[in-house]
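1. Provided below for reference: sequence and predicted model.
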Amino acid sequence: MAMDRLENIEPHMPSLEDMQQWTQVIGRAQQLMLEQAAGATGRHLPFDPQTVADVQSSFAKEGMALWQRFLDTGGMLRNQPVPAPEGSPAARKDRRFADPAWTSHPFYDLIRQSYLLVSDYLMRLTDAVDGVDPKQKARLRFAASGILDALAPSNFPLTNPTVVEKTLQSGGENLVKGLQHMLADMEKGQLTHTDGTAFEVGRNIAATPGKVIKETPLYQLIHYEPTTDKVLETPLIIFPPWINRFYILDLAPEKSFVKWAVEQGLSVFLVSWKSADASMKDLVWDDYILQGQVDAIDTVRDLLGVKHVHAIGYCVAGTTLAATLALLTARGEADKVASATFFTAQVDFSKAGDLCLFIDDEQLKLVDQLSAGGYLDGRYMAATFNFLRGRDLIWNYVVNNYLLGQDYPPFDLLYWNGDTTNLPARWHKEYLTRLYRDNLLIQPGAISIDGTPIDLSRIETPAYVQAGREDHIAPVESVWKIVGHLSGPVRFLLAGSGHIAGVINPPAAGKYQYWSCDTPQPTLDDFIAAATETKGSWWPDWIEWIRGHGEKNVTVRGARKPGGGKLKAIENAPGAYVKSR
C-alpha cells in the first residue's frame with residue numbers, strides 16, 4: 001500500500017533549472033569547505049592539479065551519465081527505477097536508503113544517486129588537498145563528512161519517502177509528535193535516544209546486590225555480594241571511566257559484567273566516581289591516581305588482609321591505571337597489583353583517532369568557556385562522542401524521533417549513554433593537553449605524580465589488553481601500542497564490535513567473536529596474521545587468564561561479605577554517587 005501511494009506522487013523530468021541548481025549547490029558546498037580549511041591553515045590550500053583534474057573529470061563524467069540514464073530510459077515518465085552501473089559511487093549500498101522506494105521510485109532514486117555521487121566527489125576533492133599538516137587534513141575530511149551526513153536527503157521530510165508515506169498515513173501527526181520530541185530535547189539540551197522511563201538505576205540496571213562500604217569526596221567503593229561459597233583469594237577491583245556512569249559494566253542482569261564476575265567466584269569491588277560539581281574544581285591528574293585508584297587499592301588490600309588485587313581499568317580509567325602502576329613501580333610497591341586488565345584503554349595517543357581532531361587551541365578555549373563553574377557539563381562530552389558517529393547517533397535519531405515521530409525504544413545501553421557525568425574542568429583540560437595533544441605519558445619522566453617521575457616501560461605487572469575491532473573512540477591501532485610500552489607479560493585480545501559492545505558481550509548472548517594469539521607478536525599486523533578466531537564472548541578467556549595466576553580459593557566469611565569487616569555498609573549498591581547530577 002505504501003508503494004502505491006508513493007507512486008501516485010507525480011514524477012517529473014529534471015529541467016535545465018534543476019540541473020543548474022544541483023551544480024550551484026555542489027559549487028557552494030565545495031567553496032565553503034575549502035574556505036574553512038584555508039582559514040584554519042592561514043593560507044591557500046595547495047592541490048595537486050592533476051589529481052583535482054582527474055576528480056573533476058570523473059565527477060563530470062559520472063554526473064552526465066547519471067542524467068543521461070534517466071533521460072534515455074525515460075524512467076521518470078515510465079515511473080521505473082534506473083539502476084546505476086556496478087562500481088559507480090551512486091550504486092553503493094547505504095542503510096540510510098534502505099526503504100525500497102529509494103531505488104524503486106525514480107524520483108527518489110534520482111535524489112539518492114545524485115547525493116551519493118556528490119558525496120563521493122566532495123570527499124575525493126578533500127583528499128586532494130596536499131601539503132598541509134596531516135591533522136589539519138584529517139580535520140577537513142571529518143568536517144566534510146559531517147556536512148555531507150547532515151545534508152543527506154534522508155534527513156529532510158520532503159525528500160525521504162518513508163517520512164512522506166508516514167505523513168500521508170497519519171495526516172501529519174508524526175510531524176507534530178516529532179516537534180514535541182524536538183522541543184523536549186531542546187529544553188534539556190540533549191538528544192534523546194531511548195525511553196528514560198523504562199529504567200531505574202538500582203532496580204533493573206545497576207542492580208547487582210552489594211553495599212557501599214566507603215565514601216570519599218571523589219568516589220564511593222562498592223563491594224558486591226558473593227554468590228559462591230568460595231572465592232579467589234585475590235580480589236578484583238574495577239575502575240570504570242569517570243566520564244560515564246559506572247553501570248556500563250552493570251546493565252540489565254543478563255548483560256552485567258559485574259554480576260558475571262561475581263558468579264565466577266571473584267570478590268568484586270568497584271569504584272563509583274562522583275559526578276563533578278564546583279567543590280571539585282581543583283582536582284587534577286594526581287588526585288584521580290592517588291586519592292582515587294591507589295587509595296581504593298590500599299583500602300581493599302587492608303580490608304581483606306591480602307597482599308595484592310587484580311585491577312581492571314576501562315577506557316580513560318585504564319590510562320590512569322597504567323600511570324598508577326608506573327607510580328607503584330617507582331615506589332617499589334608494584335606487588336600491590338597482581339594483574340592489570342585494560343578495556344579499550346590508550347597510553348600512547350599518536351594514533352588516537354578522530355577524538356584528536358577536537359584537541360586544539362580553539363577547542364581548549366571552548367572547554368574553558370563551558371567550565372565557568374569549575375566543571376564541564378557532561379552533555380558537552382556526550383555531544384562530542386555523538387559527533388564521532390553522527391550518522392548513527394545523531395541523524396538516525398533526527399529521522400526516527402523528529403520526522404517519523406516514533407516512540408522511543410527501551411534500550412538500557414542507550415539510557416546509559418544519555419546519563420551524563422560532569423567532569424572537573426582543570427583535570428579534563430589537563431588530560432586533553434598532556435595526553436591527547438602532547439602525548440607525554442609514553443615519555444619516561446615527562447609526567448610526575450606527587451613529585452615522582454613515572455616511566456611506563458618499567459611496569460612488569462602481567463597485563464591483559466582488550467581492544468575492539470570497530471572501536472571509533474580508542475582505535476585498535478592505538479590500544480595495541482600499550483603492548484610495546486610495558487615490560488611485563490601481555491596478553492592482547494581483539495574483540496569483535498566497538499568501544500561498548502566489544503566489551504559488554506556476555507557469553508550467554510552468543511554474539512560476535514574475538515581473536516587471540518598464544519605467542520607474543522611484534523606488530524599488530526603480525527598479531528592479526530597469527531591470531532585464531534573464536535566465536536562468542538571473550539569473557540571466558542579473561543577469567544581463565546585470571547585463574548591462571550595459580551591462586552587458591554578462600555571461604556566467604558567476615559570481610560568477604562559486604563559490610564562484614566572493618567568497613568561497615570553505608571548504603572545499598574549502587575549508591576548515591578551514581579545518581580548525582
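-> Yep, it's here.
2. what are the ranges of the strands in the stretch 201-350 of the chain?
-> Per DSSP state E, counting those that start in this stretch, the stretch 201-350 of the chain carries strands over the ranges 210-215, 219-224, 230-232, 236-239, 268-273, 309-314, 337-343.
3. Would you mind giving those as TSV with distance to Asp419, mean neighbour count and mean pLDDT added?
-> Yep, even glycine has a C-beta here, placed from its N, CA and C like the rest. What follows is the strands of the stretch 201-350 of the chain, written out as TSV (distance: least, Cβ to Cβ, whole Å; neighbours: other Cβ atoms under 10 Å; pLDDT from 0 to 100):
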stretch	distance to Asp419	mean neighbour count	mean pLDDT
strand 210-215	19	22	98
strand 219-224	16	26	98
strand 230-232	30	18	97
strand 236-239	18	26	98
strand 268-273	13	26	98
strand 309-314	16	25	98
strand 337-343	19	25	98
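4. could those go into JSON lines alongside distance to Leu567?
-> Converted to JSON lines, the strands of the stretch 201-350 of the chain look like this (distance: least, Cβ to Cβ, whole Å):
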{"stretch": "strand 210-215", "distance to Leu567": "4"}
{"stretch": "strand 219-224", "distance to Leu567": "8"}
{"stretch": "strand 230-232", "distance to Leu567": "17"}
{"stretch": "strand 236-239", "distance to Leu567": "14"}
{"stretch": "strand 268-273", "distance to Leu567": "11"}
{"stretch": "strand 309-314", "distance to Leu567": "15"}
{"stretch": "strand 337-343", "distance to Leu567": "20"}
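5. I'd like to know which of those strands lies nearest to Leu493.
-> Across these, the minimum distance to Leu493, taken as Cβ to Cβ, is reached by strand 337-343, at 10.1 Å.
6. what packs against that closest one?
-> Other helices and strands packing on strand 337-343, by 3 or more Cβ pairs under 8 Å, 6 or more residues apart in numbering; DSSP states H and E, are strand 309-314, helix 316-330, strand 463-468, helix 539-547.
7. Burial check on the residue lying closest to Pro161 once chain neighbours are set aside, number of neighbours?
-> Spatial nearest neighbour of Pro161, chain neighbours left out: Ala101 (3.7 Å); criterion: Cβ to Cβ, 6 or more residues apart in numbering. By the other Cβ atoms under 10 Å criterion, the neighbourhood of Ala101 contains 22 residues.
8. again, but for Asp354
-> Tallying neighbours of Asp354 according to other Cβ under 10 Å, which is how burial is gauged here, yields 17.
9. shouldn't it be in contact with Leu388?
-> Yes: assessed by Cβ atoms under 8 Å, Asp354 is found in contact with Leu388 at 5.4 Å.
10. what touches both of these two?
-> Taking Cβ atoms under 8 Å, 6 or more residues apart in numbering as the criterion, Asp354 and Leu388 both touch His472.
11. Asp120 is in contact with Pro89, isn't it?
-> Yes: distance between Asp120 and Pro89: 3.6 Å, which falls inside the contact criterion (Cβ under 8 Å).
12. Residue nearest the middle of this protein, spatially speaking?
-> Ile473 (4.6 Å; Cα atoms, centre = their mean).
13. if I look at that residue, how far off is Ser114?
-> 33 Å (Cβ to Cβ, to the nearest Å).
14. again with Leu266
-> Shown here: Leu266 relative to Ser114, a distance of 57 Å by Cβ to Cβ.
15. now do Ser448
-> Using Cβ to Cβ, one obtains 57 Å as the distance from Ser448 to Ser114.
16. more neighbours, those two?
-> Under the neighbour definition other Cβ under 10 Å, Ser448 and Ser114 were set side by side, and Ser114 has more, 22 against 13.
17. so is the more buried one in a helix, a strand, or just coil?
-> helix (DSSP: H, G, I helix; E, B strand; the rest coil).
18. What is the neighbour count of Phe142?
-> Taking other Cβ under 10 Å as the neighbour definition, Phe142 ends up with a count of 17.
19. Apart from its chain neighbours, what residue comes closest to it?
-> Here the nearest residue to Phe142 in space, its sequence neighbours aside, is Leu357; by Cβ to Cβ, 6+ apart that works out to 5.3 Å.
20. Next, count neighbours for the one you found.
-> 19.
21. okay but it is in contact with Arg139, surely?
-> Yes: here Leu357 lies in contact with Arg139, judged by Cβ under 8 Å, at a distance of 4.8 Å.
22. Spell out which residues sit in contact with the residue nearest to Phe142, please.
-> Lys135, Ala138, Arg139, Phe142.
23. Compare these and tell me which is most surrounded.
-> Neighbour counts for these were taken using other Cβ under 10 Å; the highest belongs to Arg139, with 21 neighbours.
24. and that residue, what element?
-> The secondary structure element spanning Arg139 is helix 134-150 (assigned by DSSP states H and E).
25. Pull the distance from that helix to the chain's centre.
-> Between the mean C-alpha point of helix 134-150 and the mean C-alpha point of its chain there is a distance of 18 Å (Cα atoms, centre = their mean, to the nearest Å).
26. just stretch 439-459 next, same as before
-> For stretch 439-459, the distance to the chain centre is 27 Å (Cα atoms, centre = their mean).
27. Could I get the buried residue list for it?
-> Neighbour-count burial for stretch 439-459 flags Asn439, Leu441, Ile442, Ile447, Ile449, Ile454, Asp455, Leu456, Ile459 (criterion: 16 or more other Cβ atoms under 10 Å).
28. could the residues you listed go into CSV alongside distance to Ser478 and secondary structure?
-> Output for those, formatted as CSV (distance: Cβ to Cβ, whole Å; DSSP: H, G, I helix; E, B strand; the rest coil):
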residue, distance to Ser478, secondary structure
Asn439, 11, coil
Leu441, 12, coil
Ile442, 12, coil
Ile447, 18, coil
Ile449, 23, strand
Ile454, 20, coil
Asp455, 20, coil
Leu456, 15, helix
Ile459, 18, coil
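29. which residues of the stretch 351-500 of the chain fall in helices?
-> 361-369, 378-388, 390, 396-397, 412-418, 425-431, 476-480 (DSSP state H, counting those that start in this stretch).
30. Give me the below-cutoff pLDDT ranges for the stretch 151-300 of the chain.
-> Counting by pLDDT under 70, the stretch 151-300 of the chain contains no low-confidence range.
31. quick one on the thing from earlier: just the pLDDT at the residue nearest to Phe142, thanks.
-> The confidence metric pLDDT takes the value 72 at Leu357.
32. Thank you, goodbye.
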